[in-house]
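Visitor: this one's structure only:
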């Protein structure tokens, strides 16, 4: 929208000389986010189908990231190790036994199934994605805008597209809408080469749950954290999901 200069004043959209250009913005209705809709229990099958179509188009055109398989595996090890380091800090009083069991399953998968992850890298399934695909960033009203992509850090956006869907699936379940996450996963399964028997989806989902637990509890490292009572509760909620996923993944590994 032009900012124009008149004889005695400036005007927006006037007929005088254009002095500058303004961006006209529209505030999105937060009642239409996937998070809000899941919390209300008002999401429908058509919502899941439309969102799946948007994500399918995005991932079909997303730039592929070339990464050495050993570098990708190392990044998964390093991310998990950072989660363990923070979550096992005694000051947070989180269940050590649970954390150690989860960590053991993660280590075992990375050791025994490294070849599956390497094959996904070789199939060029690592993309320049969103980086933080959570229900609070997704609007269900057409044209289904998805905001807050991690523009500031391309490294954080580079991941297996299946890991992003696993993250979204995790958050849908936490908000009481696992069926919604299941619908998205089914719709994208072929495109993202999601083989349930491989355990890759569970491994990614488990890792995201640990990451979210770590980011939640790390708020208490601030000198003056806001709502300090919130973060241990949220971290434990993510750990409960991670523990259940670890048990399912362990069963797959035992076959």
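Guide: Arrived safely, thanks for sending. It should be emphasised that the depicted structure is a prediction, and the values quoted were computed from it without experimental measurement.
Visitor: switch to C-alpha atoms for all contacts and neighbour counts from now on
Guide: Fine.
Visitor: And the helices in the protein, which stretches?
Guide: Here the chain has its helices, by DSSP state H, at 34-40, 45-61, 69-87, 96-112, 114-122, 154-157, 161-174, 178-188, 200-217, 230-253.
Visitor: Show me what the second one is in contact with.
Guide: Spelled out, it's helix 45-61. With contact meaning Cα atoms under 8 Å, 6 or more residues apart in numbering, helix 45-61 is reached by 127, 129, 140, 144, 161, 180, 183-184, 187-188, 191.
Visitor: Now with 7 Å, please.
Guide: Under the criterion Cα atoms under 7 Å, 6 or more residues apart in numbering, residues 140, 144, 180, 183-184, 187-188 lie in contact with helix 45-61.
Visitor: With neighbour count as extra columns, can I get these in JSON lines?
Guide: Below are those laid out as JSON lines (neighbours: other Cα atoms under 10 Å):
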{"residue": "140", "neighbour count": "22"}
{"residue": "144", "neighbour count": "16"}
{"residue": "180", "neighbour count": "21"}
{"residue": "183", "neighbour count": "18"}
{"residue": "184", "neighbour count": "24"}
{"residue": "187", "neighbour count": "17"}
{"residue": "188", "neighbour count": "19"}
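Visitor: one step back: can you tell me which of the helices of the chain comes nearest to residue 1?
Guide: Evaluated over the helices of the chain, closeness to residue 1 peaks at helix 45-61, with 29.2 Å, by Cα to Cα.
Visitor: Show me which residues of that closest one are buried.
Guide: Within helix 45-61, the residues scored as buried using 16 or more other Cα atoms under 10 Å are 47-48, 50-52, 55-56, 59.
Visitor: and those, which two are the farthest apart?
Guide: Farthest-apart pair in those is 47 and 59; separation 18.4 Å (Cα to Cα).
Visitor: got the domain boundaries for this protein?
Guide: Annotated domains of the chain cover 1-28, 33-253 [automatic domain parsing].
Visitor: In the shortest one, which residues are buried?
Guide: Spelled out, that is domain 1-28. Under the neighbour-count criterion of 16+ other Cα under 10 Å, domain 1-28 has 2-5, 16, 18 buried.
Visitor: what do you get for stretch 244-253?
Guide: Counting neighbours by 16+ other Cα under 10 Å, the buried set in stretch 244-253 is 245-246, 249-250, 253.
Visitor: Near residue 85, how many other residues are there?
Guide: Residue 85 has 10 neighbouring residues, counting by other Cα atoms under 10 Å.
Visitor: and the gap between it and residue 214?
Guide: To residue 214, residue 85 is 9 Å away according to Cα to Cα, to the nearest Å.
Visitor: repeat for residue 140
Guide: Residue 140 is 29 Å from residue 214, by Cα to Cα.
Visitor: residue contacts, residue 34?
Guide: Going by Cα under 7 Å, 6+ apart, residue 34 touches 135-136, 138-140.
Visitor: ok, now residue 149?
Guide: Per Cα under 7 Å, 6+ apart, neighbours of residue 149: 130-132.
Visitor: and if we set it to 8 Å?
Guide: Residue 149 touches 130-133, 157, counting by Cα under 8 Å, 6+ apart.
Visitor: re the thing from before, what's the most distant pair in the contacts of residue 34?
Guide: Using Cα to Cα, the pair of the contacts of residue 34 lying farthest apart is 136 and 140, separated by 10.5 Å.
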